[in-house]
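Colleague: take a look and give me a structure for this.
(chains A and B)
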Amino acid sequence: MISLQDRRMSQARRQRVLALSLRQQIETRWATLGIRVAHRCVRGPETGMAMLRGRMGGTGRAFNLGEMTLTRASVVLDEASPAAGALGHGWVRGRDRRHAELIALIDACAQHEAWARHIDSELIAPLEDALEARRGEAARDTAATRVDFFTLVRGE
Amino acid sequence: MYVAVKGGERAIANAHRLLADRRRGKRERAELEVGQIQDQLHLAVDRVMAEASLYDPELAALAIKQASGDMIEAVFLLRAYRTTLPRLAVSEPLDTGSMRIERRISATYKDIPGGQVLGPTYDYTHRLLDFLLLAGSDAPAPERSEQPLEPCPQILELLDAEGVIERELDDGAEPCDITREPPDYPVDRATRLQMLARGDEGYLLALGYSTQRGYGRNHPFAGEIRLGQVEVEILVEEWGEAVCVGEIALSECQMINQFGGSREAAPQFTRGYGLAFGHSERKAMAMALVDRALRAEELGEEVQGPAQQAEFVLAHADSVEASGFVSHLKLPHYVDFQSELELLRRLRREYEATSPGRTEAAEAGPSQGEPQASTADTANPGSTV
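Modeller: Numbering: from 1, shown residues only, chains lettered A, B, ... in the order given. Alright, predicted model coming up:
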């Protein structure tokens, strides 16, 4: 049996990886997974805003910095599916309603244990690898602009 | 009596059509795509997002296109769009310490963990026009280091073992939100920072500059400037925990300023803070200078310069409010002006009646006649709109 804490952790991990991945990449991989299930939206997908908070000096008291667009969706799986009635939620920065719906659908499907293992190994893990690879490349482009100080010794 | 004057609908419709034509420009040239603006004019996009107080690069790019590049108009458009959206969540405070660094420098410590990382900067360019761009040349791919970027911890947190720099601690206070409650002066620092974050960059830059030129001097050092991507987390009720919903670009400036001290506290460097959406380094620096200037009273400094006067600084920082009020002067003031004109004519008749010998001099120009002091008080213009 998976503990509640573990389940929450993988749920948060999936939500994070899916929110940070390109929707098109998720669509492509999701289609190859072979999980075919009907669902309906019970909330949204709807676009609104999140107020973003910063901290004074980076570590101090919170203040309201400004807002960003945010889209959310909640879906429920069809009665005929193996995970009938499972409820899933998805949140993503921006206004891509399909992206939010897709995250919610995957969250709902992941409540079916066998599907969850399949989703984590065939969808989340490769997307996470792709995300890390993209970030690694960007970081190495930045690293090339790091200053190497050297001292010129004059005289003698 | 109120008399509504109608008319102008056709002129307005045609004016907007003409505007759309001018915006499109020469038809033989390809139309500008919003995606091009988003990718290739991204610093303009960042500025519009920061001042509109809404992070959405695509919509900011659209606003720039729609406004024909008029940045203040673009800010207005995006700010107006903002009012059509419901608020779904409040984020956890953004952790700039875990930023994916694209640029990070310090002007106070040379050797820092992670190093001085220049990133994509206009600093050190010669500011010579690049005619290759006019010809349309392709940029080479960036140099890619073999080594990964080392972790870049927040310098002020790391290098101050002596405690010579003021600490910023969280006491859990809930910040005010000016989008829900209009500011009631005097306002606290959280409110000031929210107002500065959406303030016009040029205005904040000028005020920050004024402190450097002596109008409220506070001896700033750029302790650390960092630009990069930060993950956004919101608390999802259904899950009872904070989850990541995406990431945004931020610019942060930690200014270290003149020290203060008192009988109770040893002398310490004080701090000013700037945080802005996107790559907005100049904005973050200006914001940090003005944030520090506005702490004058709290730090027991004499208020000497305009940048230290909170109500003056904050009430005029928002370009949407400022341009709105200036622009309203273009609206018809026919009746207002007519009443002013009649008042003026009456005053002139009275003037002529009481000082018959001076009529010629007064008409020749104000410098030659000595106006009667009594007119000043009665010439109250009253309010328009």
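Colleague: can we go C-alpha only for contacts and neighbour counts from here?
Modeller: Fine.
Colleague: which is the succeeding secondary structure element to the strand or helix carrying A:Arg13?
Modeller: Following DSSP states H and E, one finds A:Arg13 within helix A:4-20. As assigned by DSSP H and E, the chain's next helix or strand after helix A:4-20 is helix A:23-33.
Colleague: that next one and chain B in contact?
Modeller: No. Against chain B, helix A:23-33 shows no contacts by C-alpha under 8 Å from any C-alpha of the partner chain, the least distance being 12.1 Å.
Colleague: give me the average confidence score over that helix.
Modeller: For helix A:23-33, mean pLDDT rounds to 95.
Colleague: all helices of chain A, in order?
Modeller: Secondary structure of chain A (DSSP state H): helices located at A:4-20, A:23-33, A:97-109, A:113-119, A:125-143.
Colleague: now the stretch 1-150 of chain B
Modeller: B:9-24, B:34-40, B:42-52, B:57-66, B:71-82, B:131-135 (DSSP state H, counting those that start in this stretch).
Colleague: nearest to B:Tyr351, out of these?
Modeller: With distances scored as C-alpha to C-alpha, the stretch of the helices of the stretch 1-150 of chain B nearest to B:Tyr351 is helix B:9-24 (43.0 Å).
Colleague: how far does that closest one sit from its chain's centre?
Modeller: Chain-centre distance of helix B:9-24: 30 Å, with C-alpha atoms, centre = their mean, to the nearest Å.
Colleague: give me the buried stretch members for that helix, please.
Modeller: B:23-24 (16 or more other C-alpha atoms under 10 Å in any protein chain shown).
Colleague: now name the helix or strand holding B:Glu224.
Modeller: B:Glu224 belongs to strand B:221-236, assigned by DSSP H and E.
Colleague: do the same with B:Ile248
Modeller: strand B:241-260.
Colleague: and the closest residue in space to A:Ile119 that isn't next to it in sequence, what does it touch?
Modeller: If the residues on either side of it in the chain are set aside, A:Ile119 comes closest to A:Ala110, at 6.8 Å by C-alpha to C-alpha, 6 or more residues apart in numbering or on different chains. Counting by C-alpha atoms under 8 Å, 6 or more residues apart in numbering or on different chains, A:Ala110 touches A:116-117, A:119.
Colleague: which of those residues are buried, as a ChimeraX select command?
Modeller: Selecting only the buried entries of the contacts of A:Ala110 in ChimeraX, with 16+ other C-alpha under 10 Å as the criterion:
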select /A:116,119
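Colleague: ok, of the contacts of A:Ala110, which one's closest to chain B?
Modeller: A:Ala116 (17.0 Å; C-alpha to the nearest C-alpha).
Colleague: and the closest residue to chain A within the stretch 251-385 of chain B, how close does it get to A:Ile124?
Modeller: For the stretch 251-385 of chain B, the residue closest to chain A is B:Tyr273, as judged by C-alpha to the nearest C-alpha, at 5.5 Å. Applying C-alpha to C-alpha, to the nearest Å, the value for B:Tyr273 to A:Ile124 is 38 Å.
Colleague: tell me where the stretch 51-200 of chain B has strands.
Modeller: B:54-55, B:87-90, B:100-105 (DSSP state E, counting those that start in this stretch).
Colleague: what would these look like in JSON lines with mean pLDDT and distance to A:Gly136?
Modeller: Shown next, in JSON lines, are those (pLDDT from 0 to 100; distance: least, C-alpha to C-alpha, whole Å):
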{"stretch": "strand B:54-55", "mean pLDDT": "98", "distance to A:Gly136": "25"}
{"stretch": "strand B:87-90", "mean pLDDT": "96", "distance to A:Gly136": "30"}
{"stretch": "strand B:100-105", "mean pLDDT": "97", "distance to A:Gly136": "10"}
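Colleague: three-state assignment of the residue of the stretch 251-385 of chain B closest to chain A?
Modeller: Here B:Tyr273 is recorded as strand under DSSP: H, G, I helix; E, B strand; the rest coil.
Colleague: hang on, it packs against B:Arg292?
Modeller: Yes. In this structure B:Tyr273 lies within contact range of B:Arg292 using C-alpha atoms under 8 Å: 7.2 Å.
Colleague: between these two, who's got more neighbours?
Modeller: B:Arg292 (27 against 23; other C-alpha atoms under 10 Å in any protein chain shown).
Colleague: now that one. Nearest residue, chain neighbours left out?
Modeller: Among residues not flanking B:Arg292 along the chain, B:Gly272 sits closest, at 4.3 Å (C-alpha to C-alpha, 6+ apart).
Colleague: count of neighbours near the one you found?
Modeller: B:Gly272 has 26 nearby residues by other C-alpha under 10 Å.
Colleague: beta partners for it?
Modeller: Beta-bridge pairing for B:Gly272 (DSSP bridges): B:Met255.
Colleague: which ones are touching B:Val236?
Modeller: With C-alpha under 8 Å, 6+ apart, B:Val236 has these contacts: B:242-243.
Colleague: same thing with B:Thr96?
Modeller: A:58, B:230, B:252.
Colleague: interface residues of the stretch 1-150 of chain B facing chain A?
Modeller: B:50, B:53-56, B:85-97, B:100-103, B:115-119, B:142-150.
Colleague: could you check how far the residue nearest to B:Arg292 is from B:Glu166?
Modeller: In terms of C-alpha to C-alpha, B:Gly272 sits 10 Å off from B:Glu166.
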